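[1] Could you work out the structure for the sequence below:
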Amino acid sequence: MTEEHWLFAYGSLMWSPGFSPVEAVPARLAGYHRAFCILSWHHRGTREAPGLVLGLDRGGACRGLAYRLAPETLAETLAYLRARELVTDVYREARVPIELESPGGGAGRRVLALAYVVDRHHPQYAGRLPLPQQARLIADGVGASGANLDYMRLTLDHLEAAGDLSAELRALRVAVEALIEGGPPPQPQRE
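    Here you go, the predicted structure:
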């Protein structure tokens, strides 16, 4: 039997992989969470005016997509992914255990997958910025791959359709849209 090669996608790779996988399966990664924690100096901003994009940061868990890669195009796909994801080395490649969801939506089998996780020691690692600062970076960022706003909207729309949009990401979208519309960012609601 041929060894399977999987990729875990949690951001733009979910809606724009740039390659044809053999299959795509909802999956869960434990030990990392999805966060807007990377200053984008290339794809969605510049060094002088960075954008803010998602990274897999340690702690928590993340639901995303697992792509099974075609063995006959594996080298080509990996070269493409490295050129896309490692352009400034803020991400590092890691082989991580993920759990594929079964067709009924429950837990399925565990596989090892390639994932691009944030390097917390890289100068582009922003950590957990205050919501207004995140919103401003996203509203203003434009890079080689286009507007940061488009990246956020496409990613959050995809997550919402999959039922994975957190309250934190909903609040970020509201704050960014308020900036775009020219109003003050909404104040967090007290419960």
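
[2] what number of residues lie near the closest residue to residue 171 other than its chain neighbours?
    Distances taken as CB to CB, 6 or more residues apart in numbering place residue 131 nearest to residue 171, at 6.4 Å, with adjacent residues excluded. Bear in mind the C-beta positions are built from the backbone N, C-alpha and C, glycine included. If you count neighbours by other CB atoms under 10 Å, residue 131 ends up with 19.

[3] wait, doesn't residue 131 sit right on residue 174?
    No. In this structure residue 131 lies outside contact range of residue 174 using CB atoms under 8 Å: 9.5 Å.

[4] Going by neighbour count, list what's buried in stretch 171-186.
    171-173, 175-179, 185 (16 or more other CB atoms under 10 Å).

[5] Just the ones of these in helices?
    Residues from the buried residues of stretch 171-186 lying in helices, with DSSP state H as the criterion: 171-173, 175-179.

[6] Could you point out which of the residues you listed is nearest to residue 146?
    Nearest to residue 146, judged by CB to CB, of those is residue 176 at 15.2 Å.

[7] who touches that closest one in this structure?
    Contacts for residue 176 (CB atoms under 8 Å, 6 or more residues apart in numbering) come out as 135, 138-139, 149, 152.

[8] re earlier: widest-spaced pair of the buried residues of stretch 171-186?
    171 and 179 (13.0 Å).
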